[in-house]
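Participant: show me how the following folds:
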Amino acid sequence: MTTHQVPGTSIDYHLVRYDEDGTELPDGDGSRTSAGVLTAAKDGVTDVFLLSHGWKGDVPAAIRQYDTWIGVMVRQQADRDRIRAVVPDFKALLVGLHWPSLPFGDEKAPAVLLGDSPAEAPESEGADEFADEARMDAGALIDAYVTRLTAADSDAADRDAVRTALARIVAAADEPEVAERVAEGDLPDDLAESYATLYEHTLVASDGATAAPGADNDVFDPRLTIEQWAGDAPAAEPAPDLLLGPFDGLADLAAKARQALLMPVRQLSFWTMKRRARVVGESGMHDFLAAIQREAPSARVHLMGHSFGCIVVSAAVAGPVADDGSLASPLPRPVSSLFLVQGAMSLWSYADDVPFAPGSSGYFRAIRDSGLVTGPIVTTRSEHDTAVGRLYPLGARVADDVLLGDDLPKFGGIGAWGIQGTAGHDTVVLAATEDYGFTPGEVFNIEASRVISAGGGPSGAHSDIAHDEIAHLMWQAVTVSALASPAPDR
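Facilitator: Numbers count the residues shown, from 1 in each chain. A predicted model of the protein is given here:
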């Protein structure tokens, strides 16, 4: 068993790692961290915190994110005093869940897991995946996306077909005639065929906005995606060798064409990563959560996810969802709170009834039907999160631009719109000293643009979550859930 200490504190957390199928990965000595967590959970723990990172997180990045996030939680002294007033014997167990969500990341257990601090990455490294891609040569880029778009057990023919199609797409940007056509919104037929090949041989399905994560998307239309990206890309401050913005007269036509031609590929990888987040959450992580509840039957469990991690933690609570929407293997008991930060998951995920599909409910609606969250379900959203606000629905807005009620889209993410289609409360982010008045079992959508505001490039402020005000939200949910369901005497 290995633990990691948050720099500058005495706080330890466990890092439990999973592969893309939800199977736990062993530590270097062959042991499994989950076993140590289960042992620790029985040692007077009152509250277990399970945290999941989102997209673009390899092991070092996950550690940096958990170090930062837990550090912000720790410095909320007033909140910590408040929970101890409610739960005098309060004892927390912190667990970071890791799943492979970076196509060219480091998934090995590095020395940092043995107690060393993670090496500081250059400020630009990992901050903008598009920028990282632009520094890769064609071969490395193709290898990365073959891994991202296909399953580990895909047969050789599938992988070869994907590789050939990617090679054609990547090479096309270096052809001036193709670059000029792409700049004009045109797509040569052979490239259209290459995109069709990618779609055919990847794990993506287009089953509509109420389907499981990874299939809750519109029909794949690479022409439309390229057109939208060219005309409506988020503002950026590109490095001299990168052009991430729209076709606005900047010099390097080939670089701009490469970005546009890769957008449908990124869209496919976005959908495959949503599917992976669900698979990992509903399999190994769900089983782990159930085991914690069995080993520590009086401990409350709180889950927090960021980005695609919101799918991970939702799926961990739900487990496999049957065709009729029921839960195939419900948890032994409800969890105490659920915090979904800038969620890259459908705004209709928890809907009672989806407006554009009468009689249909959100994929995770059974979590609420079964009362599997006794405390509040809290979300954040920000107008500055362009990853969720613009990239999430890319390729769908024009093809199927459905706006409902108060301009709610058919395809959109929680990080831009909150949870919709069910009873909930909408409010703005408050100072870290103020009380939200959360109530158990209800949804609270927090408009946090005032705080979640910093960031550039295509992702915008998507990862700008390490703020006192945001950590205070989680502590408020934890405290309310403790008041609603105090742990039994030990």
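Participant: how's the chain carved up into domains?
Facilitator: Following automatic domain parsing, one finds the domains of the chain at 3-122+277-484, 129-273.
Participant: residues in contact with the most centrally placed residue in the chain?
Facilitator: Centroid check for the chain by C-alpha atoms, centre = their mean gives residue 308 as the closest residue, at 1.4 Å. By C-beta atoms under 8 Å, 6 or more residues apart in numbering, the contact list for residue 308 reads 54, 55, 101, 273, 274, 277, 344, 345. From N, CA and C alone the C-beta is placed, and that goes for glycine too.
Participant: how close does the second one sit to residue 310?
Facilitator: Going back to what we said before, that points to residue 55. Plainly put, residue 55 is 11 Å away from residue 310 if you go by C-beta to C-beta, to the nearest Å.
Participant: check the first one too.
Facilitator: In this view, residue 54 and residue 310 are 7 Å apart by C-beta to C-beta.
Participant: now do the fourth one
Facilitator: If you measure residue 273 against residue 310 using C-beta to C-beta, the figure is 13 Å.
Participant: between residue 55 and residue 310, tell me which one has more neighbours.
Facilitator: residue 310 (31 against 22; other C-beta atoms under 10 Å).
Participant: now do the same for the closest residue to the more buried one other than its chain neighbours: its pLDDT.
Facilitator: Closest residue to residue 310 apart from its sequence neighbours, by C-beta to C-beta, 6 or more residues apart in numbering: residue 343 at 3.5 Å. pLDDT, residue 343: 92.
Participant: ok, the one 3 residues further on next?
Facilitator: The confidence metric pLDDT takes the value 88 at residue 346.
Participant: now swap in the one 3 residues further on and tell me
Facilitator: If you check residue 349, the pLDDT there is 91.
Participant: ok, it - contacts?
Facilitator: Neighbours of residue 349 in contact, by C-beta under 8 Å, 6+ apart: 213, 314, 362, 363, 364, 365, 414, 419.
Participant: residue 415 is in contact with residue 383, correct?
Facilitator: No. With contact defined as C-beta atoms under 8 Å, residue 383 does not count as touching residue 415 (10.2 Å).
Participant: give me the more crowded residue out of these two.
Facilitator: residue 415 (30 against 15).
Participant: how close does the more buried one sit to residue 358?
Facilitator: As defined by C-beta to C-beta, residue 415 lies at a distance of 26 Å from residue 358.
Participant: what of residue 436?
Facilitator: 33 Å.
Participant: ok, these two, which is more surrounded?
Facilitator: With neighbours defined as other C-beta under 10 Å, residue 436 and residue 358 compare such that residue 436 has more, 18 against 7.
Participant: surely that one meets residue 428?
Facilitator: No. Using C-beta under 8 Å, residue 436 is not in contact with residue 428, being 10.2 Å away.
Participant: quick one: the strands in the stretch 51-200 of the chain?
Facilitator: 92-98 (DSSP state E, counting those that start in this stretch).
Participant: now do stretch 366-377: distance to the chain's middle.
Facilitator: The chain centre lies 20 Å from the centre of stretch 366-377; the measure is C-alpha atoms, centre = their mean, to the nearest Å.
Participant: right, I mislabeled it, should have said stretch 424-432
Facilitator: 22 Å.
Participant: gap between the residue lying closest to residue 163 once chain neighbours are set aside and residue 202?
Facilitator: Leaving aside its chain neighbours, residue 163 sits nearest to residue 146 (5.3 Å; criterion: C-beta to C-beta, 6+ apart). Applying C-beta to C-beta, the value for residue 146 to residue 202 is 10 Å.
Participant: common neighbours of the two, please.
Facilitator: Joint contacts of residue 146 and residue 202 (C-beta under 8 Å, 6+ apart) are residue 162.
Participant: more neighbours: the two, which one.
Facilitator: residue 202 (24 against 19).
Participant: list the residues that contact residue 454.
Facilitator: 384, 461, 464.
Participant: what do residue 436 and residue 428 both touch?
Facilitator: Jointly contacting residue 436 and residue 428 under the rule C-beta under 8 Å, 6+ apart are residue 446.
Participant: next secondary structure after the least confident helix or strand in the chain by mean pLDDT?
Facilitator: One helix or strand of the chain scores below all others by mean pLDDT, DSSP states H and E: strand 403-404, with a mean of 46. Next helix or strand after strand 403-404 toward the C-terminus (DSSP states H and E): strand 408-409.
Participant: now do the next helix or strand after that following strand: everything it contacts.
Facilitator: For strand 408-409, the succeeding helix or strand toward the C-terminus, using DSSP H and E, is helix 414-417. Residues from elsewhere that reach helix 414-417, judged by C-beta under 8 Å, 6+ apart: 307, 310, 340-347, 349, 379-383, 385, 387-389, 392, 408-409, 462.
Participant: quick one: buried ones out of the residues you listed?
Facilitator: 307, 310, 340-347, 349, 379-382, 385, 387-389, 392, 408-409, 462 (16 or more other C-beta atoms under 10 Å).
Participant: thinking again about what came up before, tell me the pLDDT of the residue nearest to residue 163.
Facilitator: Looking at residue 146, the pLDDT reads 83.
Participant: among the contacts of residue 308, which lie within helices?
Facilitator: Using DSSP state H, the members of these that fall within helices are 273, 274, 277.
Participant: residue 353: which of those is nearest?
Facilitator: residue 274 (22.6 Å; C-beta to C-beta).
Participant: report the separation between that closest one and residue 374.
Facilitator: The spacing between residue 274 and residue 374, counted by C-beta to C-beta, is 27 Å.
Participant: looking at those two, which one has more neighbours?
Facilitator: residue 274 (24 against 17).
Participant: against residue 154, how distant is the more buried one?
Facilitator: For residue 274, the distance to residue 154 - C-beta to C-beta - is 18 Å.
Participant: do the same with residue 354
Facilitator: 32 Å.
Participant: what does residue 165 give?
Facilitator: On the measure of C-beta to C-beta, residue 165 and residue 154 end up 14 Å apart.
Participant: now do the contacts for residue 166.
Facilitator: Residue 166 touches 141, 142, 145, 146, 194, 198, 265, counting by C-beta under 8 Å, 6+ apart.
Participant: just give me the neighbour total for the third one.
Facilitator: Applying other C-beta under 10 Å, we find 26 other residues in the vicinity of residue 145.
Participant: hmm, it is touching residue 265, no?
Facilitator: Yes. Assessed by C-beta under 8 Å, residue 145 is found in contact with residue 265 at 5.9 Å.
Participant: circling back to that earlier point, joint contacts of residue 55 and residue 310?
Facilitator: residue 344.
Participant: ok, back up a step: any of the contacts of residue 166 buried? List them.
Facilitator: Members of the contacts of residue 166 classed as buried by 16+ other C-beta under 10 Å are 141, 142, 145, 146, 194, 198, 265.
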